[in-house]
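*Asks:* Sharing a sequence plus its predicted fold:
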Amino acid sequence: MANLTNTTAPTPDDLQKQLQREQAINRLATQIRSSLSLQTILDTAVEQIHKIIG
């Protein structure tokens, strides 16, 4: 049986960062789906990844 007493709840900052990552991924997926241009897809991916990692 797993010991759950040492686990901690995520902090508000952790939750905010997770939300920002998920929103960036959703924007990226939406923009990729709306484009048939490989260059646009790659540019969008690089831009969104840059935003995520700072």
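*Replies:* Happy to help now that I have it.
*Asks:* got the contact list for the helix or strand of the chain with the lowest mean pLDDT?
*Replies:* The least trusted helix or strand in the chain, going by mean pLDDT, DSSP states H and E, turns out to be helix 38-53, with a mean of 85. If you take C-beta atoms under 8 Å, 6 or more residues apart in numbering as the criterion, helix 38-53 is touched by 20-21, 24-25, 27-28, 31-32, 35. In short, each C-beta sits where N, CA and C put it, glycine included.
*Asks:* Quick one: which of the residues you listed is the most crowded by neighbours?
*Replies:* Ranked by neighbour count under the definition other C-beta atoms under 10 Å, the contacts of helix 38-53 are headed by Leu28 with 18 neighbours.
*Asks:* So that one, which state does it fall into?
*Replies:* Put simply, Leu28 is helix when judged by DSSP: H, G, I helix; E, B strand; the rest coil.
*Asks:* Mark which of the contacts of helix 38-53 are part of helices, please.
*Replies:* 20-21, 24-25, 27-28, 31-32 (DSSP state H).
*Asks:* Save these as JSON lines, and put in pLDDT and distance to Thr44 too.
*Replies:* Formatted as JSON lines, those follow (pLDDT from 0 to 100; distance: C-beta to C-beta, whole Å):
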{"residue": "Gln20", "pLDDT": "88", "distance to Thr44": "17"}
{"residue": "Arg21", "pLDDT": "86", "distance to Thr44": "16"}
{"residue": "Ala24", "pLDDT": "82", "distance to Thr44": "11"}
{"residue": "Ile25", "pLDDT": "83", "distance to Thr44": "12"}
{"residue": "Arg27", "pLDDT": "84", "distance to Thr44": "8"}
{"residue": "Leu28", "pLDDT": "79", "distance to Thr44": "6"}
{"residue": "Gln31", "pLDDT": "80", "distance to Thr44": "5"}
{"residue": "Ile32", "pLDDT": "80", "distance to Thr44": "6"}
